[in-house]
Every structure is written in C-alpha cells, then in structure tokens.
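Asks: Sequence and predicted model, in that order:
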Amino acid sequence: MEYDLIETDGVPIRAWVHGVQLEAAARRQLENVAKLPIVFHHVAAMPDVHWGIGATVGSVIATDGAIIPAAVGVDIGCGMMAVETSLTASDLPDNLHGVRTAIEAAVPHGRSDNGGKFDRGAWRRGLPPRIAEAWTAHAAGYDELVERHPKLGRGNDVNHLGTLGTGNHFIEVCLDERDRVWAMLHSGSRGVGNRIGTYFIELAKRDMRRAIKQLPDQDLAYLREGSEHFDDYVAAVEWAQAYAAANRRLMMDAVLAVLGEHVRPLTRGEHAVNCHHNYVARERHFGKDVLITRKGAVRARLGDLGIIPGSMGARSFIVRGKGNPDSYCSCSHGAGRAMSRNDAKRRFSVADHAAATAGIECRKDAEVIDETPAAYKPIDAVMAAQADLVEIVHTLRQVVCVKG
C-alpha cells in the first residue's frame, strides 16, 4: 500500500503524501468532504493536495447521485495541453526574448489595459476568424444555458476564447530529455466557467438552505440527481469543459505558429495531450456507477497520457497512467502550492525569484512573485509520492515561460 490511510467519521481518506506536506487546513477539508452522506467508498488525496474553497485542490471525490459544485470549482475544465514538435534545442535562438514577446503578442494574457477591467479588451480589434469560427461551434449550447439561466449571459464568453488568463496559468516552451522542443500551456474556461461555477454554487446553497447548517462547510452544498438544477448544472459543466479544451487548442495553434515563424517551420510530433484537471465525469469504480469529481487531479487510467507540471523553475512531466483503482485512476495535476500567494509575496524578493528562474526566459518582476518556484511543493517529491499512479514518459524543462 503506497498511500496513507486516514480514518474519519465518514468514509476513509487514501492520501498519497509520503515525503510531502499535508497542511492541517487541507486535512480538515478532506475530513469534511468524507463526512458527507453522498460520498462513496473513500476520498483520494493526491500528493499536491492543498487548501481550496470547500474541497481541497488535489482531491478526487466519488459521489452517489449528487455533485458538489464547489468541489468542481469555478475554473471548470481547467487543464493542460502539451505538443511535441519536430524542433530541437539546436534550432532555438541563443536569446529567447523575441520568442517570448511574440507569444505574448499572439495570445492575450493577464489583465487588459482597458480601464483595468479583467480581459474585457482581449480581442478589442475584433475577433480573429479562427476564434469566431470556434465560438460558432460552441454558441448554441451556451445560448440554451442562458435561455434557462439569464444571469449566465452577463459577462465575457467569446471575448475570452483563445486567451490565457492570470494566476498560475502559463504558456511554456520546453525541452525534453532528448532536447526535443515541446509547447505546453495551462488554462481553462476563463470568465464564463467562473460565472457558471459561482452561479451554481449559490444555487446549491439555496436549494439546501434548510439542511445547509448540518454541513461541515456551506461550500460543500450539493445538487442531488433529479433535483431542480442538477441536469442544468451537468449540461453547463459539460459545455464549460468543451469550451476549456477548445480554448487550449486555439492557444496552442497560436504558439506553434509563433515557433514556426520565429524559429523554423515545424511539424507536430508523436505526442499531443489535452487533459482536464478540474472536472466531473460519470465513471464506474468499486462496482458502482458514480460521479467522479477531480479537483486539481488528472485522470490516469491504464495507458492514459497526462501532464504534471512543476513551477516556473522546475521540471514538468508527460506521464502514462497505471490505472490504480485506489486513486480512482487519478494522479496529481502539478506540484501544488506550499504557501498562499500573500505568503509568497511577503517571503520572497524579486532577487529570489530571478535566482530561482535563472536561465529561463520569463518575467522576473514583483507581479509574479506569488508564482515563484519556492511557493510550490518540490515536484520531485510529488512525483516520488505517486510512483504507483503513473510512470514518466518524458521529462521537460522550460526555457520560455509566459505568465499572465
């Protein structure tokens, strides 16, 4: 047995945390989830587990006939995409600043300069044809959701498609152990997913208003199958997950176009992975059909390819799942935060960050201190703790990193 077994007042917790920190706040959240009457068999905690809203980031929750919207989270469908290319290290210019600025120009990221409003000017010169075409493919499903829930239509949707966002979302150019160039990125459903998640979290709380005092945390309010809003939430989550996957594909196309123009023409290699790590799906585990919520976790069935990124200054990994049933066929989604963003800003200086990211073409200013490598758990320890969940296929080291 490679996991720690934690007994609770509800179902047990199976935690892959050997050699990594399990903070007290995260453990309490895991125990709170385990007490819910809808949770099936056990809760699985990945080695990158850390405190989140309601449920921990880095947890896998099996529920019987219900979904906890806050466990799915507000960045529905957030995940990773990585593409191997025909480029090698020798093709890259000695100075990669031009490559980074070209990627930043091609993919809207961070906050716009439009009055300080979040990304409202992402495509202020008009939608590129490829974005408009992609939106058309998704618009009908969104229009149906808005017709039933008009509040979901009040905000950005098409304007965020093909854009990166802020926080820990990133675009990287990496080299693998063979010096083959990869493009890798992390993003999700952006503002529209946030709006969907926030809206249904509040609906779940409202629907449980009589029973919510009995919950260990009001953010663990859930929607039961057959209830008024369950089917609409499932439809909304599925739509947001498709939007997130399309968002990553559009950005990846733009990044590969930049590499083809600024380095040399390229072709895509053998491996391309596009995987969610904030989502819900119907699956069968331990003899029962259940709803599996992966909040900061990647599906790792036998043979599944996945992506486990490190931090701005650490290695990342392309992995293949081992199909471990105790983890609900899952693995970590990254290194996991070791401290809050505010703590990182207090503890580290720009000089600390510059030293930690030496040799990497990336931002080295105060606005990204909260993403500095030391704010995350050591990725090597995280990988060692889940050796029975995945095998490493490729090891990547970044040479360019774009942060919002």
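Replies: Sure, I can see it.

Asks: rest of the way, CA atoms for contacts and neighbours
Replies: Fine.

Asks: Please, where are all the helices along the stretch 151-300 of the chain?
Replies: Counting by DSSP state H, counting those that start in this stretch, the stretch 151-300 of the chain has helices at residues 190-207, 230-262.

Asks: residues making contact with the first one?
Replies: Right, helix 190-207. Contacts with helix 190-207, where a contact means CA atoms under 8 Å, 6 or more residues apart in numbering, come from 68-70, 72-77, 152, 155-157, 160-161, 164-165, 212, 218-219, 221-223, 229, 233, 236-237, 240, 244.

Asks: buried stuff in that helix?
Replies: Under the neighbour-count criterion of 16 or more other CA atoms under 10 Å, helix 190-207 has 190-205, 207 buried.

Asks: try the last one
Replies: By neighbour count, with 16+ other CA under 10 Å as the criterion, the buried positions of helix 230-262 are 230, 232-234, 236-252, 254-259, 262.

Asks: what's the angle between it and helix 190-207?
Replies: Between helix 230-262 and helix 190-207, the angle comes out at 160 degrees (axes from the mean of the first three to the mean of the last three CA atoms, to 10 degrees).

Asks: Who are the packing partners of helix 230-262?
Replies: Counting contacts by 3 or more CA pairs under 8 Å, 6 or more residues apart in numbering; DSSP states H and E, helix 230-262 packs against strand 79-88, helix 97-106, helix 129-148, strand 180-187, helix 190-207, strand 268-276, strand 278-285.

Asks: Identify, out of these, the most deeply packed stretch.
Replies: Among those, ranked by average contacts under mean count of other CA atoms under 10 Å, first place goes to strand 180-187 (a mean of 24).

Asks: How far does stretch 174-187 sit from its chain's centre?
Replies: The chain centre lies 18 Å from the centre of stretch 174-187; the measure is CA atoms, centre = their mean, to the nearest Å.

Asks: who touches it?
Replies: With CA under 8 Å, 6+ apart as the test, stretch 174-187 has contacts from 78-89, 164-165, 168-173, 244, 247-248, 252, 255-256, 394-400.

Asks: try it again with 6 Å
Replies: Contact partners of stretch 174-187, identified using CA atoms under 6 Å, 6 or more residues apart in numbering, comprise 78-85, 87-89, 164, 169-173, 395-399.

Asks: try stretch 225-240
Replies: 65, 66, 189, 193, 223.

Asks: Out of the residues you listed, which two sit at the greatest distance?
Replies: Greatest spatial distance in the contacts of stretch 225-240: 65 and 189, 25.0 Å, computed using CA to CA.

Asks: higher neighbour count, these two?
Replies: residue 189 (33 against 16; other CA atoms under 10 Å).

Asks: follow-up on the earlier one: save the helices of the stretch 151-300 of the chain as TSV, and put in mean pLDDT too.
Replies: Listed next are those as TSV, based on pLDDT from 0 to 100:
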stretch	mean pLDDT
helix 190-207	93
helix 230-262	96
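
Asks: Any chance of TSV for these, columns distance to residue 310?
Replies: Putting the helices of the stretch 151-300 of the chain into TSV (distance: least, CA to CA, whole Å) gives the following:
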stretch	distance to residue 310
helix 190-207	22
helix 230-262	19
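
Asks: which of the contacts of stretch 225-240 lies closest to residue 317?
Replies: Once CA to CA is applied, the member of the contacts of stretch 225-240 that ends up nearest residue 317 is residue 189, at 23.0 Å.

Asks: Filter the contacts of helix 190-207 down to the buried ones, PyMOL style.
Replies: Per 16+ other CA under 10 Å, the buried members of the contacts of helix 190-207 correspond to this PyMOL selection:
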select buried, resi 68+69+70+72+73+74+75+76+77+152+156+157+160+161+164+165+212+218+219+221+222+223+233+236+237+240+244
